[in-house]
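1. mind looking at a prediction? Sequence and model below.
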Amino acid sequence: MKHAAAIAQLEIHASNCDNNAAIQEREGEHESAAANRINAADYRQAIEALQAE
């Protein structure tokens with residue numbers, strides 16, 4: 001698959017952002033959690049773009 005290494009790294013980053021957001025929400029850091037959710041969505045959008053090539 002083309003871009004396999006980049007896609008794998010983006011998937012790791014997206015997962016980390018989701019995990020961090022969950023922790024931050026529990027800790028009351030809602031702005032940081034929201035930023036991490038946005039970042040995760042951006043990573044997933046980049047994954048889709050690379051997979052479409």
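-> Received it, and whenever you're ready, just let me know what you need.

2. show me where this protein has helices.
-> Taking DSSP state H, the helices of the chain run over residues 4-26, 30-52.

3. which residues sit against the last one?
-> Read that as helix 30-52. Contact with helix 30-52 is made by 2-3, 6-7, 10-11, 13-15, 17-18, 20-22, 24-25, as judged by Cβ atoms under 8 Å, 6 or more residues apart in numbering. Where C-beta positions appear, they are placed from N, C-alpha and C, glycine not excepted.

4. show me what counts as buried in it.
-> Along helix 30-52, the positions that meet the burial threshold by neighbour count (16 or more other Cβ atoms under 10 Å) are A33, N36, R37, N39, A40, Y43, R44, A46, I47.

5. how close does the fourth one get to A52?
-> To A52, N39 is 21 Å away according to Cβ to Cβ, to the nearest Å.

6. number of nearby residues for R26?
-> Residues near R26, counting by other Cβ atoms under 10 Å, number 9.

7. okay, it: pLDDT?
-> Per-residue confidence for R26 comes out at a pLDDT of 98.

8. go ahead and confirm M1 touches E53.
-> No: with contacts defined as Cβ atoms under 8 Å, M1 does not count as touching E53, sitting 10.1 Å away.

9. need the contact list for the nearest residue to Y43 once chain neighbours are set aside.
-> Distances taken as Cβ to Cβ, 6 or more residues apart in numbering put A14 closest to Y43, at 3.9 Å, once the chain neighbours are dropped. Under the criterion of Cβ under 8 Å, 6+ apart, the contact partners of A14 comprise N39, A40, Y43, R44, I47.
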